[in-house]
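>>> quick one: sequence plus predicted model below, questions after.
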Amino acid sequence: MIEKKERIRELDILRGLSAVLMILGHSFIIHPINISKVPWCFETQHLIYNFHMELFFLIAGAVYYCNNYSKFILGKAKQLIIPYIFFGVINALIHAYGGDIVSKMVPIKEGLFKLLCKGGGYWFIFSLFTVFLVFPIIEKVCNQKWKEAVFVIALLVVREIVELPTLFLIDTTAYYLPYFILGHMFFPLIKIKTDRNNHWMNAVVAILSVVLYVFVDILSRGYDINRKLLDYVRSVAIIMFFIIVVHYFVMLADKIKFFKKIEKFLQNCSRYSLQFYLFNGYLLGMFRIIICHVLEIETPIIIVLSLLIGNVVFTYVVCERIIPYIPVVRTLCGLKKKEAF
């Protein structure tokens, strides 16, 4: 197995940024007011949904470390499956008996079936745990990066020619697994060289990444063509752009206190990224009722910012000040003990 990897600031920032973008993407609500069709809301959400979960899986692959399979899986089960079941059951109950507080009612039997077999309301955790289950085996069998690359190509081909089943999120996991493997394979490239000779090259790559993203996005929207491979190209292009941007952000954070404070904030968002995901649905419903029903606000920008800020601040405060001091709650929420950055 690979050696344990050092902590990289860029990865913490990227994961924290992804967590915030996830909340932002969910803030373009369709109930009780549909603001997702407002042009700027639609385009912003479209951009976020094209890469933020893919980036999560890529980062998970980059920080992946396993030297004992059984201990590794037990640790991941404690971190992921316990909160998945706890929050998933609550989510199923709310959607079965929540009435007007939910946008769509789902019978309890159907909700529990989706939780056990289709990811329920937390498909990301289901797929991520499945990746953790299978990748150590893939790594052992392949044992060299070029073999992992061949496996990725084979998986892409399979998804192109075979309609994989949705049961147990097989198709969804097969879609995200290549990002995990790419993160594992190209981990050293996250730390882009900082000498002056590379600045122009990084700038060129960033610009080309944006151009490629826009070109592929136009193709996928405007033409009746197979989009599976285009989705990968588009996502990787915009992820590459953000990696370079974050790299230069870190350089600024070393010189300017304001950027250092933003980095610290994003590092904390990275630490609580799982909890952002777990709490988001509940907080979205709560703040949506306050903003749209109680305060009767209909302005899209105010709705989006209120939901974003409310979710981030509430989750951050609860994870920072309350959950760590209640062991049972910490376990149910999948929160690890604090690590020093």
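Everything's here; your move.

>>> run through who's touching the helix or strand of the chain with the lowest mean pLDDT.
Ranked by mean pLDDT, DSSP states H and E, the weakest helix or strand in the chain is helix 199-222, scoring a mean of 87. Applying CB atoms under 8 Å, 6 or more residues apart in numbering, the contact partners of helix 199-222 are 50, 192, 225, 227, 230-231, 233-234, 237-238, 240-241, 244-245, 247-248. To be clear about C-beta, it is placed using only N, CA and C from the backbone, and glycine gets the same treatment.

>>> cool, and stretch 152-163?
164, 171, 174-175, 177-178, 181-182, 226, 228-229, 232.

>>> reformat these as CSV; add pLDDT, secondary structure and distance to Ile81.
Converted to CSV, these look like this (pLDDT from 0 to 100; DSSP: H, G, I helix; E, B strand; the rest coil; distance: CB to CB, whole Å):
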residue, pLDDT, secondary structure, distance to Ile81
Leu164, 90, coil, 23
Asp171, 93, helix, 21
Ala174, 94, helix, 20
Tyr175, 94, helix, 21
Leu177, 96, helix, 19
Pro178, 95, helix, 23
Ile181, 94, helix, 22
Leu182, 92, helix, 25
Asn226, 61, coil, 35
Lys228, 78, helix, 29
Leu229, 83, helix, 32
Tyr232, 91, helix, 28
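
>>> so among these, which ones count as buried?
Among the contacts of stretch 152-163, those classed as buried by 16 or more other CB atoms under 10 Å are 174-175, 177-178, 181-182, 232.

>>> re the thing from before, out of the contacts of stretch 152-163, the closest to Thr299 would be?
Thr299 has its nearest neighbour among those in Tyr175, at 35.9 Å by CB to CB.

>>> report the two of the contacts of helix 199-222 separated the most.
Largest separation among the contacts of helix 199-222 by CB to CB: Ile225 and Tyr248, giving 34.7 Å.

>>> out of the two, which sits in the busier spot?
When neighbours are counted by other CB atoms under 10 Å, Tyr248 comes out ahead of the other of Ile225 and Tyr248, with 15 against 9.

>>> how about low-confidence regions in this structure?
Scanning the chain for pLDDT under 70 picks out the ranges 1-6, 99-103, 188-197, 223-226, 338-341.

>>> swap in 80 and give it another go.
1-8, 31, 98-105, 187-200, 221-228, 336-341 (pLDDT under 80).

>>> thinking again about what came up before, among the contacts of helix 199-222, which are in strands?
In strands, judged by DSSP state E, none of the contacts of helix 199-222 are found.

>>> Lys336: which element?
Following DSSP states H and E, one finds Lys336 outside all helices and strands.

>>> burial count for the residue lying closest to it once chain neighbours are set aside?
Excluding the flanking residues, the one nearest Lys336 by CB to CB, 6 or more residues apart in numbering is Gln79, at 6.9 Å. Counted by other CB under 10 Å, the residues lying close to Gln79 total 18.

>>> now Gln79: how far from Leu274?
Separation of Gln79 from Leu274 (CB to CB, to the nearest Å) stands at 7 Å.

>>> isn't Cys41 right next to Ile30, touching?
No - counting by CB atoms under 8 Å, Cys41 stays clear of Ile30, with 10.2 Å between them.

>>> which residues do Gln79 and Leu274 both contact?
Residues touching both Gln79 and Leu274 (CB under 8 Å, 6+ apart): Gly334.

>>> what sits against Thr172?
Residues counted as contacts of Thr172 (CB under 8 Å, 6+ apart) are 119, 123, 127, 166.

>>> touching, the second one and Leu169? I think so.
To tie it back to what came earlier, the one meant is Trp123. Yes - here Trp123 reaches Leu169: they are 6.0 Å apart, a contact under CB under 8 Å.

>>> have a look at these two and say which one is more surrounded.
Ranked by neighbour count (other CB under 10 Å), Trp123 and Leu169 place Leu169 first, with 20 against 16.
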